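Student: Fold the following.
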Amino acid sequence: MSQKEYNPYENMLAVLKQSAEKLGLDPDDYATLCYPERELKVSIPIKMDDGKVKVFEGYRVQHSSARGPCKGGIRFHQDANMDEVKALAAWMSFKCAVVNIPYGGAKGGIKVDPSKLSRDELIRLTRRYTTRILPIIGPDKDIPAPDVNTNGEVMAWIMDTYSMFQGHCVPGVVTGKPVEIGGSVGRVEATGRGVTIITYECLKVNDMDASSVAIAIQGMGNVGGTAADIFYNNGQKVVAVSDYTGGVYCEEGLPINEIRAFLAGGNTLNDYQNDKVTHITNDELITCKCDVLIPAALENQITADNAEAIQAKIIVEAANGPTTVEADEILNKKNVIVCPDILSNAGGVVVSYFEWVQNIQSLTWDLEEVNRTLNKIMLTAFNEVAELSKEKEVPMRMAAYMVAIKRITTAGKLRGGPISLG
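Tutor: Numbers count the residues shown, from 1 in each chain. I've put the predicted structure just below:
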């Protein structure tokens, strides 16, 4: 499947169909999961710093609210489109279900390259976008969060705009906020920390010694960087990391603390110099010599074109949708264990759930409680998926989808199903 042909929503539907059939469900049982409940496409006109008006395109998709309010990030990216947002919203539904938190799935996005906008332009863009999606979001309806190229500051602008229209502060309308205005401690690191929890448990159940494995991480943003930091500080050998400019490889292990400090200074890995490292491309990182591969960048990274060359024994998906259906088939034949995205990177939404709970109950948790409860939820979810995978003799991805689909369809049936209101 070439880059141009890849459609993330069709990819999601293919996995959904396979998993539902494995569960023995009729098409009628999961038909509602094939379509988002609501798709909103908006135009966002803003005045640029030069005085001219520019109109951007934005999206908010709510896939399922069968198990609770919708939940999902907002990304600012020049390649954002409705099919991508629809797929990400569906993955959020399954992600929330597999870790058994009472949310449905949603996702949002604006088609924009934020690096080309000034801070004032980004503020105006975010606030105008918020007013466009305001009728369908809220702490009991749909709770946005950060995603690609958005952060706590952007969530603060959304919260402030929403609160203006409500006439009072509503911190529970978004998660991933700065701690000072209702955010949760541990939220920024949560996705990366969750990835490490899943990695360690996967190594354990497969009788692999964590102290001797080589780990490669594609992406050194918040998720990949946090995971790399935790592994390094725990004594694991991280042999390869990358960002959008390329990567570096060292068979003896990389100085992750030095690399993170270098990147924090506004530099890129393309500029990183060390006599012991070899510069590699992102494609070369995917196929490098390692035991554990963690794709933590964008979707569609492991494809039919490179899956055969992958040397890792375990893949832990920190990004959303990094592996195509065709690549999955190849990896399964090679007996490569793939911990799927809807399980592996769910740490972020789990701690977002903690943040929302704290907001609506007007209380705060300390970091120890956040991390302890995160660890408990992630391990429970992993063990449920691993046990079903073994029982049904299906790959981990299939088992994770089966767990999620069963929970969502059961919730739909208990609520009466797709009955007519006429």
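Student: Could I get the contacting residues of D49?
Tutor: With contact taken as CB atoms under 8 Å, 6 or more residues apart in numbering, D49 is in contact with S118, D120, E121. No exception for glycine: its C-beta is placed from N, CA and C like everyone else's.
Student: where does it land in three-state SS?
Tutor: coil (DSSP: H, G, I helix; E, B strand; the rest coil).
Student: measure it to L117 for me?
Tutor: With distances defined as CB to CB, to the nearest Å, the gap from D49 to L117 amounts to 9 Å.
Student: who touches both of the two?
Tutor: Overlap between the contact sets of D49 and L117, as judged by CB under 8 Å, 6+ apart, is nil.
Student: From G108, how far out is R38?
Tutor: The span separating R38 from G108 equals 12 Å under the rule CB to CB.
Student: between the two, which one's more packed in?
Tutor: Neighbours per residue (other CB atoms under 10 Å) separate R38 from G108, with G108 holding more: 29 against 15.
Student: hey, what's that one bridged with?
Tutor: R60, I74 (DSSP bridges).
Student: which residues sit in contact with it?
Tutor: With CB under 8 Å, 6+ apart as the criterion, the residues that contact G108 are G58, Y59, R60, V61, G72, G73, I74, R75, V85, I133, P144, D147.
Student: again, only this time at 7 Å
Tutor: Y59, R60, G72, I74, V85, I133, P144 (CB atoms under 7 Å, 6 or more residues apart in numbering).
Student: got it, and V238?
Tutor: When contacts are counted by CB under 7 Å, 6+ apart, V238 is found next to I215, I217, A228, F231, Y232, G253, L254, I256.
Student: how does it look with 10 Å?
Tutor: By CB atoms under 10 Å, 6 or more residues apart in numbering, the residues touching V238 are 213-217, 227-229, 231-232, 250, 253-256, 259, 290, 292, 294.
Student: And for D113?
Tutor: With CB under 10 Å, 6+ apart as the criterion, the residues that contact D113 are F76, H77, Q78, D79, N149.
Student: Need the pLDDT of it.
Tutor: What the model reports for D113 is a pLDDT of 97.
Student: What segments of the stretch 201-350 of the chain are helices?
Tutor: The residue ranges that make up the helices of the stretch 201-350 of the chain, judged by DSSP state H, counting those that start in this stretch, are 222-233, 256-264, 282-286, 325-333, 341-344, 347-361.
Student: With just CA atoms, put the fifth one into PDB.
Tutor: This points to helix 341-344. Output in PDB follows, covering the C-alpha atoms of helix 341-344 (Å, rounded to 0.1, in the frame of the first residue of the first chain):
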ATOM      1  CA  ASP A 341      -1.700   1.500  19.900                       C
ATOM      2  CA  ILE A 342      -5.100   1.400  21.500                       C
ATOM      3  CA  LEU A 343      -3.500  -0.400  24.400                       C
ATOM      4  CA  SER A 344       0.100   0.800  24.400                       C
END
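Student: which one of the contacts of D113 has the most neighbours?
Tutor: Of all those, the highest neighbour tally under other CB under 10 Å goes to F76, namely 25 neighbours.
Student: which is the next helix or strand following the helix or strand harbouring that one?
Tutor: Applying DSSP states H and E as the criterion places F76 in strand 70-77. With elements assigned by DSSP H and E, the helix or strand that comes after strand 70-77 is helix 82-98.
Student: List the contacts of A97.
Tutor: For A97, the contact set (CB under 10 Å, 6+ apart) comprises 64, 66-68, 103-105, 342, 346, 381, 400-401, 403-411.
Student: So which of the residues you listed sit within strands?
Tutor: The subset of those located in strands under the criterion DSSP state E comprises S64, G104, G105.
Student: Work out which residue lies at the spatial centre of the protein.
Tutor: N320 (4.8 Å; CA atoms, centre = their mean).
Student: Just the pLDDT at that residue, thanks.
Tutor: Looking at N320, the pLDDT reads 85.
Student: Might one say that it is in contact with G219?
Tutor: No: the pair N320 / G219 is not scored as a contact, 11.6 Å apart, by CB atoms under 10 Å.
Student: Common neighbours of these two, please.
Tutor: Counting by CB under 10 Å, 6+ apart, the shared contacts of N320 and G219 are P295, L298.
Student: Sketch out the strands for the protein, chain order is fine.
Tutor: In the chain, the strands defined using DSSP E lie at 38-47, 53-64, 70-77, 104-111, 142-146, 214-218, 237-243, 246-249, 278-280, 292-295, 314-316, 337-339.
Student: so which of those gets nearest L25?
Tutor: Across the strands of the chain, L25 has its closest neighbour in strand 53-64 (15.3 Å, CB to CB).
Student: what packs against the closest one?
Tutor: When contacts are defined as 3 or more CB pairs under 10 Å, 6 or more residues apart in numbering; DSSP states H and E, strand 53-64 sits against strand 38-47, strand 70-77, helix 82-98, strand 104-111, helix 119-133, strand 142-146, helix 396-414.
Student: give me that answer again for 8 Å
Tutor: Under the contact criterion of 3 or more CB pairs under 8 Å, 6 or more residues apart in numbering; DSSP states H and E, the helices and strands touching strand 53-64 comprise strand 38-47, strand 70-77, helix 82-98, strand 104-111, helix 119-133.
Student: how about these in a markdown table, adding distance to N375?
Tutor: Formatted as a markdown table, the entries for the helices and strands packed on strand 53-64 read as follows, by distance: least, CB to CB, whole Å:
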| stretch | distance to N375 |
| --- | --- |
| strand 38-47 | 34 |
| strand 70-77 | 21 |
| helix 82-98 | 16 |
| strand 104-111 | 23 |
| helix 119-133 | 33 |
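Student: Figure out which of those is closest to Q18.
Tutor: Across the helices and strands packed on strand 53-64, Q18 has its closest neighbour in helix 82-98 (13.1 Å, CB to CB).
Student: Please parse the chain into its domains.
Tutor: As given by automatic domain parsing, the domain ranges for the chain are 36-185, 188-344.
Student: pLDDT wise, what is D305 at?
Tutor: With respect to pLDDT, D305 scores 95.
Student: To what extent is it buried, counted in neighbours?
Tutor: Taking other CB under 10 Å as the neighbour definition, D305 ends up with a count of 14.
Student: Alright, I will stop here.
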